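Student: let's see this in three dimensions:
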Amino acid sequence: MAPGLRKSGNLPGALRNRGLKYGMVPSQGMGMVKHRVVLGILVVSFFACILWNGFCGDDNFLFVNNSFYKNPSNIARIFRPGYNVAPEDVQYGDAADKGTGSVGYRPVTTMSFFMDSFIWKDNPAGYHLTSILWHLANVFLLYEIAVVVAGPQVAFITALIFGIHPVNTEAVAAIGYRSDLLACFFLLAALLAWLSLRRDGSWRCAAISYTGYFFALFSKETALLFPCVIFFIDRVNFSAFIPQDRRNRYLPFLVIALFYLYIYYYVFPNTAFVYAPQIADGYEGHVTVFIQIVALYLKEIFFVFSAGVMPALYWPLPRPLFSPAMIFQGVLVAGAGGLLLAMILRRGKYSWAALWGLVFFLPALIFWVNPNPAALRYVYVPFAGLAFLAALGLVHVWGRCRDRLSPSMRVFLGFVGVVSLGLPAVSSNLVWRNNFTVADAWVKAYPEHYMGYGVKGTEFFKHKKYKEAAENLGLALQDPRCTNQIFDYQLGFSYLSEGRREEAKSTFEGLMAKAPFSDRGYAGMAHYYYASKQHALAVPYLQRAFALHDTDDNAENLLKALDRTQGASGLEKGLQMVRRVWGDGPRLEKLRESLRDRRKLR
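Tutor: Purely as a prediction, here's the structure:
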């Protein structure tokens, strides 16, 4: 028996006779207390640097430019239609209240953002502190589970690998990706409660497991297949015969899963499925993309010094299936999948971890229906199981080599192992300091992908550095995967600001052809005619822009153009047009006031 464990006298006889693969109970020795203290110190040490990071990426849409989370009365909207936000509003919306920012129904994640907004207001350090605490809680839960299954030594290494591995930095350092932290927390809590259920058989443990599963599902849909893991654990412990009372306890998991699927597909349907990109043409193209995505995940896990960054909305381009590079990657992917499957079929004490890694990787691999086909945060939940497998392997190797090493060499090797994971984690955490640092990292790691150039160009555009903006946005739009209309609009505006009017006109015309139902191309053409002193020609484009998207900016620009070209009569006609769309109210009155102030200045 592993040190620090004792048998439970209340276990079923069949389980006791099978060697208590999952039925051991940790004794509360000082060694385990030290483990928890060291884990806490190391995780906080390597992740504390994100407290100095600002809002970046999706955080700007969620918190900086969104009034939704600043008003506690909006909590009621979590349970009303309109919770899910359309992807085009996530990317292109300019309303003050942009809603939850979620395309799927994740009310637990939304509530955590409300709590952050209430406590920390606009201070990003507080939001980052919350994410660190959730990650630390996951580390401790995983430690407790591994102690029950394999003993304190394996548990410590498992939790250490999971806690400081750089592959987890995206989920922790980016506030908007907290759903993975929350789902992992509730899944681990549900698993720990289910393992405890075999000690005393009480409904209290079962109720905690059901509750954890419920909250995990409504944190992120990744959690759906959790009942497969606990059913497998019971099959390993009870062999072919699972007692009737235990079989009855699976029913609530099924009920919760069906209830969630009804909510997810019928009450609050995911708004992103119809916006999934065209990844490839044909079966072969999808297979090569699948192989490349899995190979990227494996690279990020094993080559820790390159881990931690992957552009948003990333997917690799299809390649010839039988090219040398694809054959090599295919062999690696097949080998990794075969190894996990072999571990599962052996039904040993590590089998649950192999199944955990495989089951929670599956949603990440259904990339063809996901608008964001690949992301490192998808690895966070399955990596809990993979970290356990890695720890078992390290303990096995350490057991063979330990007696041959001096005590000082053991300490040195342990230090090297911690530093080799921790320093890349710090480096990856610092990537998320702001949009510039994220974009730079994306460009360096994935120079063939548009997102790094696009984000970098957008930041230059915001700072009115139009030459640099045009250079980076032009590179972004050369990528056939780029469909972001904002990049086209900003590129055209940058050209105008640099005096390159014909290039601006060509860019805006291309945007109108590419996205005829978007207002940005028409608004851009209006800017072009304004810059060319042809104000009358700008009016029809502004009318079309307002008809497509009745924003405050489009309305105000239209009325200004009518006032300039047609005078008071044109302005009155424009106001009537806006009134028919908006109706009477404070929004229209605010616009009138703005126009009155403008006419006074004139």
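Student: can you list the buried residues in stretch 560-576?
Tutor: Lys560, Ala561, Leu562, Asp563, Arg564, Gln566, Gly570, Leu571, Gly574, Leu575 (16 or more other Cβ atoms under 10 Å). The way it works is simple: take the backbone N, C-alpha and C, and place the C-beta from them, glycine included.
Student: now do it, average pLDDT.
Tutor: The average pLDDT within stretch 560-576 is 86.
Student: give me the contacts around that stretch.
Tutor: For stretch 560-576, contacts defined as Cβ atoms under 8 Å, 6 or more residues apart in numbering pick out 526, 530, 535-536, 538-539, 542, 558-559, 588, 592, 595, 598-599.
Student: again, only this time at 7 Å
Tutor: His535, Ala536, Ala538, Val539, Leu542, Leu558, Leu559 (Cβ atoms under 7 Å, 6 or more residues apart in numbering).
Student: quick check: domain ranges of this structure?
Tutor: 5-53+127-431, 447-601 (automatic domain parsing).
Student: any idea which of those gets closest to Ala441?
Tutor: domain 5-53+127-431 (4.4 Å; Cβ to Cβ).
Student: so where's the stretch 51-200 of the chain shaky on pLDDT?
Tutor: Of all residues in the stretch 51-200 of the chain, those with pLDDT under 70 make up the ranges 87-95, 199-200.
Student: please apply the same query to the stretch 301-450 of the chain.
Tutor: 307-308, 349, 367-369.
Student: quick one, helices of it?
Tutor: When secondary structure is read from DSSP state H, counting those that start in this stretch, the stretch 301-450 of the chain shows helices at 324-346, 351-365, 380-401, 407-431, 435-445, 450-462.
Student: list the buried residues for the third one?
Tutor: This means helix 380-401. By neighbour count with 16+ other Cβ under 10 Å, helix 380-401 contains the buried residues 380-392, 394-395.
Student: Leu181 against Glu170, yeah?
Tutor: No: contact criterion Cβ atoms under 7 Å: Leu181 and Glu170 do not qualify, at 10.9 Å.
Student: who's in contact with the nearest residue to Asp58 once chain neighbours are set aside?
Tutor: Of all residues not flanking Asp58 in the chain, Gly176 sits nearest, at 3.6 Å (Cβ to Cβ, 6 or more residues apart in numbering). Neighbour list for Gly176: Gly57, Asp58, Asp59, Leu62 [criterion: Cβ under 7 Å, 6+ apart].
Student: same check on Gly54?
Tutor: Pro124, Arg433, Asn434.
Student: neighbours around the first one, how many?
Tutor: A count of nearby residues for Pro124, using other Cβ atoms under 10 Å, gives 20.
Student: check the second one too.
Tutor: Residues contacting Arg433 under the criterion other Cβ under 10 Å number 16.
Student: quick check: it vs Phe55, distance?
Tutor: 11 Å (Cβ to Cβ, to the nearest Å).
Student: cool, Gly338 as well?
Tutor: 43 Å.
Student: who's more crowded, those two?
Tutor: Phe55 (23 against 10).
Student: dump the residue contacts of that one.
Tutor: By Cβ under 7 Å, 6+ apart, the neighbours of Phe55 are Phe63, Val64, Pro124.
Student: where does it fall, phi/psi-wise?
Tutor: Dihedral pair for Phe55: phi -80, psi 130, per degrees, to the nearest 10.
Student: got the contacts of Phe55 as CSV, with secondary structure and distance to Thr158 columns?
Tutor: Listed next are those as CSV, based on DSSP: H, G, I helix; E, B strand; the rest coil; distance: Cβ to Cβ, whole Å:
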residue, secondary structure, distance to Thr158
Phe63, helix, 34
Val64, helix, 37
Pro124, helix, 31
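Student: nearest to Trp194 among those residues?
Tutor: Nearest to Trp194, judged by Cβ to Cβ, of the contacts of Phe55 is Phe63 at 35.6 Å.
Student: count of neighbours near the closest one?
Tutor: Neighbours of Phe63 (other Cβ under 10 Å): 24.
Student: hmm, it is touching Cys56, no?
Tutor: No: counting by Cβ under 7 Å, Phe63 does not reach Cys56; the two are 10.8 Å apart.
Student: quick check: neighbours shared by those two?
Tutor: Common neighbours of Phe63 and Cys56 (Cβ under 7 Å, 6+ apart) do not exist.
Student: mind checking which of the helices of the stretch 301-450 of the chain is nearest Gly82?
Tutor: helix 351-365 (25.1 Å).
Student: show me where this protein has strands.
Tutor: For the chain, applying DSSP state E gives strands covering 5-6, 25-26.
Student: shaky segments in the stretch 501-602 of the chain?
Tutor: 597-602.
Student: the same query, at a cut-off of 90, please.
Tutor: 514-519, 530-536, 548-602 (pLDDT under 90).
Student: longest helix in the chain, please.
Tutor: Looking across the chain with DSSP state H, the single longest helix is helix 552-582.
Student: re the thing from before, the strands of the chain: lowest mean pLDDT?
Tutor: strand 5-6 (a mean of 39).
Student: which residues does the nearest residue to Thr211 once chain neighbours are set aside contact?
Tutor: Distance criterion Cβ to Cβ, 6+ apart; nearest residue to Thr211, sequence neighbours excluded, is Ala190 at 7.7 Å. By Cβ under 7 Å, 6+ apart, the contact list for Ala190 reads Ser209, Gly212, Tyr213, Ala216, Phe226.
Student: picking up where we left off before, out of the contacts of stretch 560-576, which end up buried?
Tutor: His535, Ala538, Val539, Leu542, Leu558, Leu559.
Student: ok, the fifth one - contacts?
Tutor: In other words, Leu558. Leu542, Gln543, Phe546, Gly574 are the contacts of Leu558 under Cβ under 7 Å, 6+ apart.
Student: against Ala96, how distant is the third one?
Tutor: Think Phe546. 18 Å.
Student: neighbour count: those two, which is higher?
Tutor: Neighbours around Phe546 and Ala96, counted as other Cβ under 10 Å, are more numerous at Phe546. The numbers are 24 against 11.
Student: ok, how many other residues are close to Pro407?
Tutor: Neighbour number of Pro407 under other Cβ under 10 Å is 7.
Student: can you tell me how far it is from Trp52?
Tutor: For Pro407, the distance to Trp52 - Cβ to Cβ - is 38 Å.
Student: what residues are up against the residue sitting nearest the centre point of the chain?
Tutor: Geometric centre of the chain, nearest residue: Tyr177, 3.9 Å, by Cα atoms, centre = their mean. Contacts for Tyr177 (Cβ under 7 Å, 6+ apart) come out as Glu170, Ala171, Arg377.
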